[in-house]
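Novice: sequence and computational prediction follow.
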Amino acid sequence: MDGSTDVDLAAQLRPVLALAEEQERLGEALDRMEDATGPAALEEREAVEERFASLDEEICRATAKALKAIGLWHGAAMIDAGLAVPHEVWAGLVEQYPPYPSAVPDLELRPRRSWRA
């Protein structure tokens, strides 16, 4: 970093925070619209879903831009590299390597024989 002040850093990251807050608001709105049935409500939900889906990439791009501006090039380069991967590839990777472990671990319940047995 180049000796930026906290105020400078906050100014660079403010757009990222605004996008993250928008995503949180849209997520809450989607939760409320989950059981929407009317045509107008369904149309509104679809518009909110589209905006919500586009925010992930916008947040990544804004974060990379902010990191570059404050001199954290390595972090920005990692984000840029991730954004360069097509969505289809990411989807395949998430299916192959889920981001979170399963809720119930796969345990072997039979007792194991010791090597002495």
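Specialist: Good, I have the coordinates. Numbering: from 1, shown residues only.
Novice: okay, CA-based contacts and neighbour counts for the rest of this
Specialist: Noted.
Novice: the longest helix seen in the chain: what's the following helix or strand?
Specialist: Longest helix in the chain by number of residues, with DSSP state H as the criterion: helix 39-69. Using DSSP states H and E, the next helix or strand after helix 39-69 towards the C-terminus is helix 73-84.
Novice: packing partners of whatever helix or strand comes next after that next one?
Specialist: Moving toward the C-terminus from helix 73-84, the next helix or strand (DSSP H and E) is helix 87-96. Helices and strands touching helix 87-96, as assessed by 3 or more CA pairs under 8 Å, 6 or more residues apart in numbering; DSSP states H and E, are absent.
Novice: which sections of this structure are below the confidence cut-off?
Specialist: The model of the chain has pLDDT under 70 over residues 1-3, 98-117.
Novice: one step back: give me the packing partners of the longest helix of the chain, helices and strands only.
Specialist: When contacts are defined as 3+ CA pairs under 8 Å, 6+ apart, helix 39-69 sits against helix 6-32, helix 73-84.
Novice: buried ones in the last one, by neighbour count?
Specialist: For helix 73-84, the neighbour count (16 or more other CA atoms under 10 Å) marks W73, A76, I79, D80 as buried.
Novice: with respect to L19, which of these is nearest?
Specialist: The nearest member of those to L19, counting by CA to CA, is I79 at 16.3 Å.
Novice: nearest residue to the closest one other than its sequence neighbours?
Specialist: Distance criterion CA to CA, 6 or more residues apart in numbering; nearest residue to I79, sequence neighbours excluded, is A64 at 6.1 Å.
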